[in-house]
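K.L.:
take this sequence and fold it.
(chains A, B, C and D, ligands or ions: 4)
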2 protein chains.
Amino acid sequence: MKKSSTQSVQDYLKRIYELTENGSPASTNDLARELNIKPASVTGMIQKLAAEKPALLEYQKHQGVTLTPTGKRAALEVIRHHRLLETWLVQTLGYAWDEVHEEAERLEHVISEDFERRIAAALGHPLRDPHGELIPTADLKMPADKSTSLSALRKKQAGRILCVKSADADLLRHLNEIGLTPNTMIEVIDYSPFDHNLTIKVEKKTYVLGLSITSKIFLEIA
Amino acid sequence: MKKSSTQSVQDYLKRIYELTENGSPASTNDLARELNIKPASVTGMIQKLAAEKPALLEYQKHQGVTLTPTGKRAALEVIRHHRLLETWLVQTLGYAWDEVHEEAERLEHVISEDFERRIAAALGHPLRDPHGELIPTADLKMPADKSTSLSALRKKQAGRILCVKSADADLLRHLNEIGLTPNTMIEVIDYSPFDHNLTIKVEKKTYVLGLSITSKIFLEIA
DNA sequence: TTCTGAATTTAGGCTTGACTAATTATATTT
DNA sequence: AAATATAATTAGTCAAGCCTAAATTCAGAA
Ligand SMILES: [Mn+2]
Ligand SMILES: [Mn+2]
Ligand SMILES: [Mn+2]
Ligand SMILES: [Mn+2]
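P.N.:
Ligands and ions are numbered 1, 2, ... in the order given. Coordinates of the predicted model:
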C-alpha cells in the first residue's frame, strides 16, 4: 500500500513540518541549514518530492515549500516516533533530557509500527516528550498547542513551564541545573526593553535570561 | 579513530562471521543467498572490503572470504547489538521470541555504544539471547560454545536445550508451542537411521522430529 | 585428460542523494 | 528604475550499492 520513505526523505519532511508550523512556507536555505545539506541539493530533493505520484509537498520555484496532507502525515509519523523514543529513553533507560535527541534521531527511522505501539502503551500513552513537546497522536493528529513564549512575558506575569524547544545539549544541561524544566513555576521579576533580558524567579532564586534562552521556553500562563 | 561502517557493510561482515564459524571460508554464493543479494554484487562488495586501508576481510578469487581481526571485531560488535536487542525486546517490551529478529536486524545498525551499555546493564549483562545464542562480551570476544546438535544424539541420550538456531518465525512459534525452548530437558527415545528422524520426549510428551528441526536445536548433554 | 556444469567474476548500467560551480531570479537600495 | 546583494536553481560529478548479461574459472565426470 504505502511505500515507506527513506531516512533522508523522512528528515526532509520532519524539518519542513517544523519550519512551516508558523504558517509560512519553508525556504530552501532554511531547510538546507536545518538539514546540514547544501541548498542546491535541497532544491533537487524538494523537486523530486513535489513530483511524486501522491505529492508529498507543494512547491513553486523561489516560493518555498509546504507539506501536502500526505507529506504532513508522513512527517507526523516520524515526529511521533522521535518524541515517543525520547520519552522512552528517559523513562526506561535513565537518559538525561540532553542525551536523547541524537539517539532518537537515528532510531526514529527504523522502528516498526509494532514497536511504536508497544512503547506508547508501556509509557501510558504520554502527551509530551521529555522537553515538553507535544507527541502526535496514534492517528497522526498534532494536539493543539496553547503555550506562550517566555520572551513574551513581562513584569509580574507568571506561569508553568510546558516546553523547552531546543536540541542544544549544553543549553539543556544548563537549564536543568538552574531548574528550568517542564512543570516548574516561573515568575517574571523584571524586563529590560533594550536587550530583551528577563529577570525571572524560580524556586526562590532569580536569573537574568537573554532572548536566546527566553524565546525557547514556553509556558502556560498562571 | 574508527570510521563506522554502513548498514550494508555491517550485514556483510555479520553474515561472513556466521558462515565462517565452522572454520572454512564463506563462498560468494552462500553469502549472496544469506544476504538476498545477487552473487555479482557480492563479488563487488567483498573486493572493496578486502581493499580497504585496514582490510576487513581476506579474499582470493574463487576461494571465498574470511574475516581479518578488524573485520571480526566489527562483526562481533553488530552481533552483540543484535543479540542484546533481541533479549531486551523480549524482556522489557514483551515481544515473543519469533518476533524480535526483524526488529533487531534494523536497530542493530543505529544504536550508540552508550545505548548498548545501558541495555546490557539493565538486563544484568546476559550471556545468551532469547534463542539461546551466545552474546559477544563487551570487549568483543565470543564465549566458547560447548553445545551439541540434537541431530547428533541417539537413543537414551538426554540433555538440556541451550540454543535454537533459526530465524524462521513459523518454526520458532511451533517449537514454542511444543515446549522446545532453551532450558527445557529433552530425552531421545528413538532414532531412525533412514530419514534421521528422532523421537524425543519433552515433559511427558513425545514428538518425532526431522533433521531440518533437530539440526537447529543445540543442547548440553546430561 | 578433456568436457561440462556450477560458481564466480567482469563489464556496463541504474538509483539515491549528496557536492561544486555557474547561472538566474528575487529583493533591497539608491 | 537601475544596480546590487541575496536566494534559489541548473548543470555536471561522484560514491554507494545494487542489478543483468556476458565472460571466465574451477572441479568432478567421462
Ligand atoms: Mn529531539
Ligand atoms: Mn533523523
Ligand atoms: Mn536474530
Ligand atoms: Mn541488519
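K.L.:
CA atoms for contacts and neighbours, from now on please.
P.N.:
Will do.
K.L.:
show me what from chain A comes close to chain B.
P.N.:
Within chain A, the residues that sit near chain B (C-alpha under 8 Å from any C-alpha of the partner chain) are A:93, A:103, A:106-107, A:110-112, A:118-119, A:122.
K.L.:
could you turn the buried ones of those residues into a ChimeraX selection?
P.N.:
In ChimeraX syntax, the buried subset of those is picked out as below (16 or more other C-alpha atoms under 10 Å in any protein chain shown):
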select /A:103,106,107,110,111,118,119
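K.L.:
touching stretch A:90-98 from outside, list them.
P.N.:
Residues outside stretch A:90-98 that contact it (C-alpha atoms under 8 Å, 6 or more residues apart in numbering or on different chains): A:86, A:89, A:100, A:130-131, A:167-170, A:172-173, B:118-119, B:122.
K.L.:
pLDDT averaged over it, what's the number?
P.N.:
Averaging pLDDT along stretch A:90-98 gives 97.
K.L.:
buried set for that stretch?
P.N.:
A:90, A:95-98.
K.L.:
going along the chain, name the strands of chain A.
P.N.:
A:57-59, A:65-67, A:148-149, A:158-164, A:185-192, A:197-202, A:205-209, A:217-221 (DSSP state E).
K.L.:
check these for me and report the most buried one.
P.N.:
Burial of the strands of chain A is given as mean neighbour count (mean count of other C-alpha atoms under 10 Å in any protein chain shown); strand A:65-67 ranks first at a mean of 24.
K.L.:
that strand and DNA strand C, any residue contact?
P.N.:
No: on the criterion C-alpha under 7 Å from any atom of the strand, strand A:65-67 is out of touch with DNA strand C, staying 13.6 Å away.
K.L.:
what average pLDDT does that strand get?
P.N.:
Per-residue scores along strand A:65-67 average to 98.
K.L.:
touching DNA strand D at all, that strand?
P.N.:
No: judged by C-alpha under 7 Å from any atom of the strand, strand A:65-67 stays clear of DNA strand D, getting no closer than 8.5 Å.
K.L.:
quick revisit: adding distance to residue A:15, write the strands of chain A out as a markdown table.
P.N.:
Formatted as a markdown table, those follow (distance: least, C-alpha to C-alpha, whole Å):
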| stretch | distance to residue A:15 |
| --- | --- |
| strand A:57-59 | 12 |
| strand A:65-67 | 11 |
| strand A:148-149 | 21 |
| strand A:158-164 | 18 |
| strand A:185-192 | 30 |
| strand A:197-202 | 29 |
| strand A:205-209 | 27 |
| strand A:217-221 | 20 |
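K.L.:
what does chain A put close to DNA strand D?
P.N.:
So chain A meets DNA strand D at A:27-30, A:39-44, A:60-64 (C-alpha under 7 Å from any atom of the strand).
K.L.:
and the furthest pair within the buried residues of stretch A:90-98?
P.N.:
A:90 and A:98 (9.8 Å; C-alpha to C-alpha).
K.L.:
walk me through the domains of chain A.
P.N.:
Domain segmentation of chain A under automatic domain parsing yields A:1-142, A:148-221.
K.L.:
I'd like to know which of those domains lies nearest to residue B:20.
P.N.:
Closest to residue B:20 of these, according to C-alpha to C-alpha: domain A:1-142, at 28.5 Å.
K.L.:
filter the residues of chain A next to DNA strand D down to the ones near DNA strand C?
P.N.:
Okay, of the residues of chain A next to DNA strand D touching DNA strand C (C-alpha under 7 Å from any atom of the strand), that's A:39-42, A:44, A:61-62.
K.L.:
can you turn the buried part of those into a PyMOL selection?
P.N.:
Selection of the buried residues among these in PyMOL, burial being defined by 16+ other C-alpha under 10 Å:
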select buried, chain A and resi 39+42
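K.L.:
just put the ones next to DNA strand C among the residues of chain A next to DNA strand D in CSV and tack on pLDDT.
P.N.:
Supplementary listing: those in CSV, determined by pLDDT from 0 to 100:
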residue, pLDDT
A:39, 98
A:40, 98
A:41, 98
A:42, 98
A:44, 97
A:61, 94
A:62, 96
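K.L.:
dump the ones next to DNA strand C among the residues of chain A next to DNA strand D into CSV; add distance to residue B:19 as well.
P.N.:
Formatted as CSV, those follow (distance: C-alpha to C-alpha, whole Å):
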residue, distance to residue B:19
A:39, 45
A:40, 44
A:41, 40
A:42, 42
A:44, 42
A:61, 53
A:62, 54
